[in-house]
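J.: need the 3D shape of this:
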Amino acid sequence: MKEEHLRKELHHGRVVDCYADRPQDIYAMFLDAVRRAPDSIALVEGDVRWSYASLAARVDACAARLTALGLAAGDRMGILLSNRADYMTLLVAAARLGVIAVPMNIRQRAPETAYALTDSGAAAIIYDDALEDQLPDRASLPAVRHWLPYQAEAAAWSAAGPETRADRPDHSAVGEDDPFCILYTSGTTGRPKGAVLTHLGLTTICIGTQNHLQLKDGESMILAVPASHVTGIGLVLMLSVRVAGKVVVEEAFKARQFLELAQAERMSFAIMVPAMYKLCLMDPDFDNFDLSSWRIGAFGGAPMAEATIEALAEHVPQLTLVNIYGSTETSSPAVMMPLGQCASHRDKVGKPLPYTDIVIMDEDGRQVPPGAQGEIWIAGAMTVPRYWNNPEATEKGFAAGYWKSGDIGAMDADGYICVLDRMKDMINRGGFKIYSVEVENTLMAHEAVAEAVVVGRPCPVLGERVEAFVVTNEQADDASLRQFCAERLSDYKVPDHVYIVEGPLPRNPNGKLLKNAVREWLPALSEGQPA
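T.: Sure thing, here's the model as predicted:
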């Protein structure tokens, strides 16, 4: 594989390292895959197998439909779909037209969907038919011109003939610095922020990941993570396009089904959170599956337990594990472990990728010496230029082209990075990032709750669980408060327990909640109440 040349370029007012030889945009990257491998399988979903040529025809039909609805470059389109092959269809068709996709998690609730649609100014949303009753009130969102149930849209794409396909747009109208998608992340103030991922950012991470992992054309992958997440978009769907590979769609991760698909489809690459690897190993028939094609196992979102690393080395000896560190704001990977070094550097997440510029900064904005702790700041062509419609968050979250991650870490003299802590308000539950203030704000909306605090409790499987402590001014209980949250939040954000405590909650003289004091309650929890 040839080594890609990097050069300095100016993008969004930042000088960044860019691959000199790169696709013009995501759609151009897709067309290149179609030209290279028209008859190769691009997507597998159940009994359906689409070649790149057949996928290209479906993208044409989808683009024609979007054009007929009046969607054009710069318009935003919400996508509220479970994992399915047509997620790729929609993303590529939108990229062709310059329409900005707004992927959303199917586990979110109507208020979260309404916020994303309103903030992004979406003109349309396509959604799973089964989620109809979870959609917000249409009358409250007059800017959304089109509410598109998936089954009818998919049938229309299937029925379309060549004569209905949209004329190929002038690619000069779709610039590589234009937004490809907007992904909403939880905010420290409880207000989600729309990270603007560009065509350049995603093509950059695809090229860099392909090079680092030494991926070849035709790699076989399984989409086991949500397609609406930055990892599913960048490190599965778009990465597979880069290498003209095959994506096997798993609607929702189930360890036994994953292993069956991995064997049947000769999976060679997968990316999952550590808990998924552990669940696979727990299958009593794990050793009976033929996983001999599985070469690369990437993981992120949480540390992988030493026992899991050792078990994989024993049972899947040809598998190379690779730790990945990144975020929505970095279009995913900014750091990767060099191949073969995961076991020997278990306390590290890896080294910055060639296109990444990382500095460790102290509270005064000064770089710290090697090995010293500080906040991880990340810059590069893949770093998002801004938050959508949120200049205040952009100004606060970025400095001189660097994104201030909020993670506390260190970089040693050899360039290896360790992540020591996160923003204390953030909980990592099975790879899903949850800002406790968002859950706290939801609890505080309940009429019986006077005070609320939410912290993460260590969990050997999920990493952390969500634990809430509330002071109530009238009768309330764990079940009713959890149900209240479930009606307003994604299910993974709902507290595992809500403990009723005597008030007031611990605060400093300025009135700020002392979460460290609350965390001290966790070991003493007994029978639903802090000791």
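J.: and the residue of the chain positioned farthest from its centre, how far is that from residue 59?
T.: Seen from the C-alpha centroid of the chain, the residue lying at the greatest distance (C-alpha atoms, centre = their mean) is residue 474, 39.3 Å away. For residue 474, the distance to residue 59 equals 56 Å [C-beta to C-beta, to the nearest Å]. C-beta coordinates here come from the backbone N, C-alpha and C atoms, glycine included.
J.: doesn't residue 143 lie inside a helix?
T.: No - under DSSP: H, G, I helix; E, B strand; the rest coil, residue 143 sits outside any helix and is assigned coil.
J.: what's the spacing between the closest residue to it other than its chain neighbours and residue 34?
T.: With C-beta to C-beta, 6 or more residues apart in numbering as the criterion, residue 143 has its nearest non-adjacent residue at 6.1 Å, and that residue is residue 121. Distance of residue 121 to residue 34, computed by C-beta to C-beta: 32 Å.
J.: which one's more surrounded, these two?
T.: residue 34 (20 against 16; other C-beta atoms under 10 Å).
J.: and that one, what element?
T.: helix 26-36 (DSSP states H and E).
J.: where does the stretch 101-250 of the chain have low pLDDT?
T.: 161-172, 186-190 (pLDDT under 70).
J.: the same query, at a cut-off of 90, please.
T.: Along the stretch 101-250 of the chain, segments meeting pLDDT under 90 span 107-108, 160-174, 185-192.
J.: now do the strands in it.
T.: Taking DSSP state E, counting those that start in this stretch as the criterion, the stretch 101-250 of the chain carries its strands at 124-127, 146-149, 179-185, 193-198, 220-223, 246-249.
J.: pull out the buried positions in the second one.
T.: Think strand 146-149. 146, 148 (16 or more other C-beta atoms under 10 Å).
J.: quick one: contacts of it?
T.: With contact meaning C-beta atoms under 8 Å, 6 or more residues apart in numbering, strand 146-149 is reached by 69, 71, 123-127, 129, 132, 135, 138.
J.: repeat that for 6 Å
T.: 69, 124, 126, 129 (C-beta atoms under 6 Å, 6 or more residues apart in numbering).
J.: my guess is the residue farthest from the centre of the chain meets residue 448, correct?
T.: Yes - under the criterion of C-beta atoms under 6 Å, residue 474 makes contact with residue 448 at 4.8 Å.
J.: look up how far residue 507 lies from the spatially closest residue to residue 111 that is not a sequence neighbour.
T.: Leaving out its chain neighbours, the residue that sits closest to residue 111 by C-beta to C-beta, 6+ apart is residue 488, at 5.7 Å. Separation of residue 488 from residue 507 (C-beta to C-beta): 25 Å.
J.: ditto for residue 383
T.: 36 Å.
J.: quick one, which of the two is more surrounded?
T.: More crowded of residue 383 and residue 507, by other C-beta under 10 Å: residue 383, with 30 against 13.
J.: tell me the contacts of that one?
T.: So residue 383 contacts 330, 403 (C-beta under 6 Å, 6+ apart).
J.: name the SS class of it, please.
T.: coil.
J.: how about it, phi and psi?
T.: With angles defined as degrees, to the nearest 10, residue 383 shows backbone torsions of phi -70, psi 130.
J.: relative to residue 88, how far out is it?
T.: Residue 383 is 25 Å from residue 88, by C-beta to C-beta.
J.: please, where are all the strands along the stretch 351-500 of the chain?
T.: 351-352, 356-361, 374-380, 387-388, 398-399, 402-411, 417-421, 426-429, 432-435, 449-459, 463-472, 497-500.
J.: for those, which one sits closest to residue 341?
T.: strand 351-352 (9.1 Å; C-beta to C-beta).
J.: parallel or antiparallel, which strands does the closest one pair with?
T.: Strand 351-352 pairs in its sheet with strand 332-336 (antiparallel), by DSSP bridges.
J.: any idea how far residue 300 is from residue 273?
T.: 7 Å.
J.: of those two, who's got more company?
T.: residue 300 (26 against 22).
J.: which residues sit in contact with the closest residue to the more buried one other than its chain neighbours?
T.: Of all residues not flanking residue 300 in the chain, residue 324 sits nearest, at 4.0 Å (C-beta to C-beta, 6+ apart). With contacts defined as C-beta under 6 Å, 6+ apart, residue 324 is in contact with 298, 300, 333, 336.
J.: beyond the helix or strand encompassing residue 278, next helix or strand please.
T.: Per DSSP H and E: residue 278 is located in helix 274-281. Per DSSP H and E, the first helix or strand lying C-terminal to helix 274-281 is strand 296-299.
J.: residues contacting that next one, please?
T.: By C-beta under 6 Å, 6+ apart, strand 296-299 touches 213, 269-271, 274, 319-322, 324.
J.: ok, that strand: who's next to it in the sheet?
T.: strand 269-272 (parallel), strand 320-327 (parallel).
J.: any chance of JSON lines for those strands, columns mean pLDDT?
T.: Output for those, formatted as JSON lines (pLDDT from 0 to 100):
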{"stretch": "strand 269-272", "mean pLDDT": "96"}
{"stretch": "strand 320-327", "mean pLDDT": "95"}
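J.: pipe these into a markdown table and attach distance to residue 75 per row.
T.: A markdown table is the format used below for these (distance: least, C-beta to C-beta, whole Å):
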| stretch | distance to residue 75 |
| --- | --- |
| strand 269-272 | 31 |
| strand 320-327 | 26 |
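J.: closest one to residue 142 among the ones you listed?
T.: Comparing those by C-beta to C-beta, strand 320-327 comes nearest, at 33.6 Å.
J.: got the angle between the closest one and strand 374-380?
T.: Orientation check (axes from the mean of the first three to the mean of the last three C-alpha atoms, to 10 degrees): strand 320-327 against strand 374-380 gives 90 degrees.
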